[in-house]
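Trainee: No letters, just coordinates:
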DNA sequence: ACCTGAACACCGTTCAAGT
DNA sequence: ACCTGAACACCGTTCAAGT
């Protein structure tokens, strides 16, 4: 009675932008960005490939919409954040986990100009920097740096996890990578070889948070 | 006389992995990763599309090889680096400029596991951190953080520069982006709106270096 | 060993035709 | 207004056939 929808769907199972995006997310999670096909998507929605184009502009738009949906959902579920420094860690880890669970998101997040998803992350981190008392002049730089770090490192982490065929567990991947690093040319890669063993006992998430703290330390030092 | 090549090319203009990679780089710079086509590449090399497969495994390998070539070249041209802190800025700016000039590199750099290109950047930055006196325990974290920041922010910057059709100059792009930020919803994006004007007079490279200094400040604070 | 180019198995996107 | 599905203009990759 209360609210009259602007556009009431005619049938429960009729096509809609929302249903298309949801199906795309499922498909992306299963097969990645390359596997997202209009034919497969259409077949899952029991319709023709062309029908999707009535609701969505094309594949790029669809990918952007899927990314926005995922990031918006994750950020809205953050809840109470607490003190600024803790909040920044939470937001960072939220992005990290989103990209870890949906690796295809990172390619979209990197594609500029910033869409809704990247702007939401920027906004959330920026607010906490204000609370932290960062001077107005450096707020922009600080927020950009944090966003760049958070998205950049999360993406790299997700990328490292992929592309072992067949997929193997974390510790095995790290052991293999460490071995690869140790076998690098001694003259060309002395540093990489020297930290290779650190890779074996490496906890991606903890390392990621440690990096946030490093950036926060730098921000604190510049007031 | 001195050095006998293992594999002497038969004719000056015969196909080789090197020539293919060079042609691919040219094509990538002109039309981007999506425009890199084996048919076009073959036609530029005056050969058939299939011929390329005798020298290169496929498109992914070709993209990786092109990225490695570009990054290796840029890093080898760095020359004398000077004091550690200055050197780190130089390396960072080098990556920034490479990605700015060859935006397609960023997608490859983000794709894991780290290839030769990413490892070279990691190695270079790591060596300087050693010189800086960073404790062994935090060296790995510090280097990872720096690499993540440098590649992540450089990629985002390059992405922001693209995708205006037709391409417009820097200041116009920034003015348009600033306007977009100012028109965001006041309740949802208070912070982003408040820093929008900073975007207008924004110097990407300077901002990027400022971010490096922020990270370096954090590293210095943790010994 | 190295190259050719037609052929295969796909794509995203469009569009006349339907309801 | 919304959907259908064949058709178009591409792709990356393979492979028999050539030199």
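Mentor: Done, it's in. Remember, it's a predicted structure, so these values are computed and weren't measured experimentally. Numbering: from 1, shown residues only, chains lettered A, B, ... in the order given.
Trainee: Was I right to think residue A:109 contacts residue A:150?
Mentor: No. Using Cβ atoms under 8 Å as the test, residue A:109 is too far from residue A:150 to be in contact (9.8 Å). All C-beta atoms are positioned from the backbone trio N, CA, C, and that covers glycine.
Trainee: Would you pull up the residue in chain A closest to chain B?
Mentor: Chain B sits closest to residue A:152 of chain A, with a gap of 1.6 Å, by Cβ to the nearest Cβ.
Trainee: Grab the nearest non-local neighbour of that residue.
Mentor: Leaving out its chain neighbours, the residue that sits closest to residue A:152 by Cβ to Cβ, 6 or more residues apart in numbering or on different chains is residue B:152, at 1.6 Å.
Trainee: And the residue nearest to residue A:38 when sequence neighbours are not counted, what's its pLDDT?
Mentor: Of all residues not flanking residue A:38 in the chain, residue A:49 sits nearest, at 4.5 Å (Cβ to Cβ, 6+ apart). You'll see residue A:49 listed with a pLDDT of 96.
Trainee: Same check on residue A:7?
Mentor: 42.
Trainee: Over to residue A:2?
Mentor: Residue A:2 carries a pLDDT value of 37.
Trainee: next SSE after the host helix or strand of residue A:29?
Mentor: Assigned by DSSP states H and E, residue A:29 belongs to helix A:17-35. On the C-terminal side of helix A:17-35, the closest following helix or strand by DSSP H and E is helix A:38-44.
Trainee: List the buried residues of the next helix or strand after that next one.
Mentor: For helix A:38-44, the following helix or strand on the C-terminal side (DSSP H and E) is helix A:49-55. If you call a residue buried by 16 or more other Cβ atoms under 10 Å in any protein chain shown, then helix A:49-55 has these buried ones: residue A:52.
Trainee: Helix A:49-55 - contacts with which helices or strands?
Mentor: Counting contacts by 3 or more Cβ pairs under 8 Å, 6 or more residues apart in numbering or on different chains; DSSP states H and E, helix A:49-55 packs against helix A:17-35, helix A:38-44.
Trainee: And the average pLDDT for the first one is what?
Mentor: What that stands for is helix A:17-35. In the prediction, helix A:17-35 has an average pLDDT of 97.
Trainee: List of residues touching it?
Mentor: Residues from elsewhere that reach helix A:17-35 (Cβ atoms under 8 Å, 6 or more residues apart in numbering or on different chains): A:36-37, A:40-41, A:44-45, A:52, A:55-56, A:62-63, A:65-66, A:69-70, A:101-104, A:107.
Trainee: So among those residues, which ones count as buried?
Mentor: Buried subset of these (neighbour count, 16+ other Cβ under 10 Å): A:36, A:41, A:45, A:52, A:56, A:62-63, A:65-66, A:69-70, A:102-104, A:107.
Trainee: any idea whether the residue sitting nearest the centre point of chain A is helix, strand or coil?
Mentor: Closest to where the C-alpha atoms of chain A average out (Cα atoms, centre = their mean) is residue A:99, at 3.3 Å. When classified by DSSP: H, G, I helix; E, B strand; the rest coil, residue A:99 comes out as helix.
Trainee: List the contacts of the residue nearest to it when sequence neighbours are not counted.
Mentor: Leaving aside its sequence neighbours, residue A:99 sits nearest to residue A:154 (Cβ to Cβ, 6+ apart; 4.2 Å). Applying Cβ under 8 Å, 6+ apart to residue A:154 gives the contacts A:95, A:96, A:98, A:99, A:100, A:106, A:208.
Trainee: Please, which helix or strand holds residue A:154?
Mentor: helix A:136-161.
Trainee: C-terminal to that helix, what's the next element?
Mentor: Using DSSP H and E, the helix or strand that follows helix A:136-161 in sequence is helix A:170-182.
Trainee: next helix or strand past that following helix?
Mentor: Counting by DSSP H and E, the next helix or strand C-terminal to helix A:170-182 is helix A:190-194.
Trainee: Does chain B have contacts with that following helix?
Mentor: Yes. Helix A:190-194 is in contact with chain B by Cβ under 8 Å from any Cβ of the partner chain, via A:190, A:191, A:192.
Trainee: any idea which of those is closest to DNA strand D?
Mentor: Closest approach to DNA strand D among the residues of helix A:190-194 next to chain B (Cβ to the nearest atom of the strand): residue A:192, at 29.2 Å.
Trainee: hang on, isn't the closest one packed against residue A:183?
Mentor: No. Using Cβ under 8 Å, residue A:192 makes no contact with residue A:183, being 10.6 Å away.
Trainee: of all of chain A, which residue lies closest to DNA strand D?
Mentor: Nearest residue of chain A to DNA strand D: residue A:50, at 1.5 Å (Cβ to the nearest atom of the strand).
Trainee: ok, and the most crowded of the residues of helix A:190-194 next to chain B?
Mentor: residue A:192 (24 neighbours; other Cβ atoms under 10 Å in any protein chain shown).
Trainee: returning to what we had before: show me the contacts for the residue nearest to residue A:152.
Mentor: Applying Cβ under 8 Å, 6+ apart, the residues contacting residue B:152 are A:110, A:148, A:149, A:151, A:152, A:153, A:155, A:156.
Trainee: what does residue A:87 give?
Mentor: Residue A:87 makes contact with A:81, A:128, A:131, according to Cβ under 8 Å, 6+ apart.
Trainee: So which of the residues you listed is the closest to residue B:173?
Mentor: residue A:128 (27.6 Å; Cβ to Cβ).
Trainee: What strand or helix carries the closest one?
Mentor: For residue A:128, the host element (DSSP H and E) is helix A:116-132.
Trainee: what do you get for residue A:108?
Mentor: Per DSSP H and E: residue A:108 is located in helix A:104-110.
Trainee: What lies in contact with that helix?
Mentor: Counting by Cβ under 8 Å, 6+ apart, A:28-29, A:32-33, A:36, A:63-64, A:66-67, A:70-71, A:98-99, A:115, A:117-118, A:151, A:154-155, A:158-159, B:106-107, B:110, B:152, B:155-156, B:159 sit against helix A:104-110.
Trainee: pretty sure the residue nearest to the centre of chain A is in contact with residue A:156, am I right?
Mentor: No. With contact defined as Cβ under 8 Å, residue A:99 does not count as touching residue A:156 (9.6 Å).
Trainee: what's the average pLDDT for the helix holding residue A:154?
Mentor: Across helix A:136-161, the average pLDDT comes to 91.
Trainee: Show me which positions of it end up buried.
Mentor: Residues A:138-161 are the ones in helix A:136-161 that count as buried (16+ other Cβ under 10 Å).
Trainee: Helix A:116-132 and that helix, what's the angle between them?
Mentor: Angle, helix A:136-161 to helix A:116-132, by axes from the mean of the first three to the mean of the last three Cα atoms, to 10 degrees: 130 degrees.
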